[in-house]
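# quick one, fold the following:
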Amino acid sequence: MKIDWAALGSVFGVSLVVTVALVGLFTLGIVGLSKKESAAQRGDSATLVVSGAYACFAACAAAVAYGIFLIVA
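Numbers count the residues shown, from 1 in each chain. I've put the predicted structure just below:
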């Protein structure tokens, strides 16, 4: 049995980068929603922050759906 170490390293690297990016994107969404609550306490409008948070969550959902598509296809 011959293992293609370069391909294995490439898959590991891409998986690591995508995982860190996805976690970072989800974290930005959570931070955006927490800013919404602090802005509501001050009486400010947080429409842009909430829209950005929902966009982060939508991008996370799209990335997960694309990953599932790649596994199934």
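
# Val50 contacts Ser34, doesn't it?
No: if you go by CB atoms under 8 Å, Val50 and Ser34 don't touch, sitting 10.9 Å apart. Any C-beta I mention is one placed from the backbone N, CA and C, and that applies to glycine too.

# which one of these two has more residues nearby?
In terms of neighbours (other CB atoms under 10 Å), Val50 is the more surrounded of Val50 and Ser34; the figures are 16 against 12.

# rounded mean pLDDT for stretch 49-61, please.
For stretch 49-61, mean pLDDT rounds to 94.

# and that stretch, which residues are buried?
Neighbour-count burial for stretch 49-61, counted by 16 or more other CB atoms under 10 Å, picks out 49-50, 52-53, 56-57, 59-60.

# and which of those residues is nearest to Lys2?
Among the buried residues of stretch 49-61, Cys60 lies closest to Lys2 (CB to CB), at 37.1 Å.

# residue contacts, the closest one?
With contact set as CB atoms under 8 Å, 6 or more residues apart in numbering, Cys60 has these partners: 22, 25-26, 29.

# could you export these to CSV, including columns for distance to Ile3 and pLDDT?
Conversion of the contacts of Cys60 to CSV gives the following (distance: CB to CB, whole Å; pLDDT from 0 to 100):
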residue, distance to Ile3, pLDDT
Leu22, 27, 96
Leu25, 32, 96
Phe26, 33, 97
Gly29, 38, 95
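
# what is the burial count for Lys36?
Around Lys36 there are 17 residues (other CB under 10 Å).

# can you check Gly32 too?
20.

# quick one: secondary structure of Ser45?
Assigned with DSSP: H, G, I helix; E, B strand; the rest coil, Ser45 falls in the coil class.

# wouldn't it be in contact with Ala39 here?
Yes: the pair Ser45 and Ala39 passes the contact test of CB under 8 Å, sitting 7.2 Å apart.
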